[in-house]
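S.K.: Build me a model:
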Amino acid sequence: MKNTSEHTEPKDNQSKQSQNPSREKENIYWDSLKKKRIQKKITLEDLSLKTKINVRYFEAIERGDFSALPETYIRLFLKTYAQELGFDFEEILSHTPESIQKKPKVPIATTQVHENTKPLRIRSRRKRNPLLLLSGVIIIAAAVIMFEYYQSTSNDPLSTPLTDTLAQTTLRSDAEAIQVSNDMKKLEPDDETILTQPYTIEILPEENLIYLLQVNNERSRENLIQKNINHSITLNSPFKLKIFQPDKCRIMINQQILPLKTHKPVIIQVNESGKLTLFGSAQ
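M.R.: Now for the predicted structure:
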């Protein structure tokens, strides 16, 4: 029997050689985006602060590594990246896998008309009841009043009910550990504040925010808070909470408002005895 391995190896090598140029071409494209951003003198940290999107997601985009991006937000992150840097979003999207380029199609309901069916003819007209017309006007007026009331109160973050959406907004469960860096110092309050369990954390965001939460010695979780959706978390254990844009939200713990006015990241720590400590970068 003849050994056919010698005949199959050249085909395998040819297929690999045909794939390598396309991969190299894509790598060159994503690398060119990075070079254009550098020419604009815009750092990834600047983009992260402005868009509230983690730096590592922008790094993954410039590598063309879409497996590192949350599937739900891939198109949103690409569009934000293109808009902030003045790039063509459609061109960037054309270099992504087909699964990202395709949008879900909404099925259109259609009705089938049979040949034998004939339209019904209304031979007589019913008399209109004036009471029905009056009740319809009252219902429409009440709906308008409720809509105006909702619009007037929706801009006030305190009027929006608190929603515990922690399980629904978790982006990554293996996020980086929360550690107080050397450039951070203790912030107000200077006096020792002792909290009692349960610890109720309320976050009232003005814009979309990302924060890290670490309970006890578990891995921290990265969570996304949507704009104007108040966030509530109840804990019965020591924790660390890292807010990347504290000046864009209001934070309360057990109904106590925390004095966070800086735009730099802040770490909120509550130890086993319930002592509250705030850490922030030096201004």
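S.K.: how about the helices of this structure, start to end?
M.R.: If DSSP state H is used as the criterion, the helices of the chain fall at 5-39, 44-51, 55-63, 74-85, 89-94, 98-101, 130-154, 166-169.
S.K.: how close does residue 26 sit to residue 33?
M.R.: 11 Å (C-beta to C-beta, to the nearest Å). In short, each C-beta sits where N, CA and C put it, glycine included.
S.K.: who's more crowded, the two?
M.R.: residue 33 (19 against 13; other C-beta atoms under 10 Å).
S.K.: related to what we said a few turns ago, so which of the helices of the chain comes closest to residue 208?
M.R.: Closest approach to residue 208 among the helices of the chain (C-beta to C-beta): helix 44-51, 8.4 Å.
S.K.: Pull up the gap between the residue nearest to residue 252 when sequence neighbours are not counted and residue 251, please.
M.R.: Excluding the flanking residues, the one nearest residue 252 by C-beta to C-beta, 6 or more residues apart in numbering is residue 202, at 4.5 Å. Using C-beta to C-beta, one gets 7 Å for the distance from residue 202 to residue 251.
S.K.: quick one: which of the two has more around it?
M.R.: Shown here are residue 202 and residue 251; by other C-beta under 10 Å, residue 251 has more neighbours (22 against 19).
S.K.: Measure how buried the nearest residue in space to that one that is not next to it in sequence is and give me the count.
M.R.: Spatial nearest neighbour of residue 251, excluding adjacent residues (C-beta to C-beta, 6+ apart): residue 258 at 4.8 Å. A total of 20 residues lie near residue 258 under the criterion other C-beta under 10 Å.
S.K.: what's the pLDDT at the most centrally placed residue in the chain?
M.R.: By C-alpha atoms, centre = their mean, the chain has its centre lying nearest to residue 224, at 4.9 Å. pLDDT for residue 224: 81.
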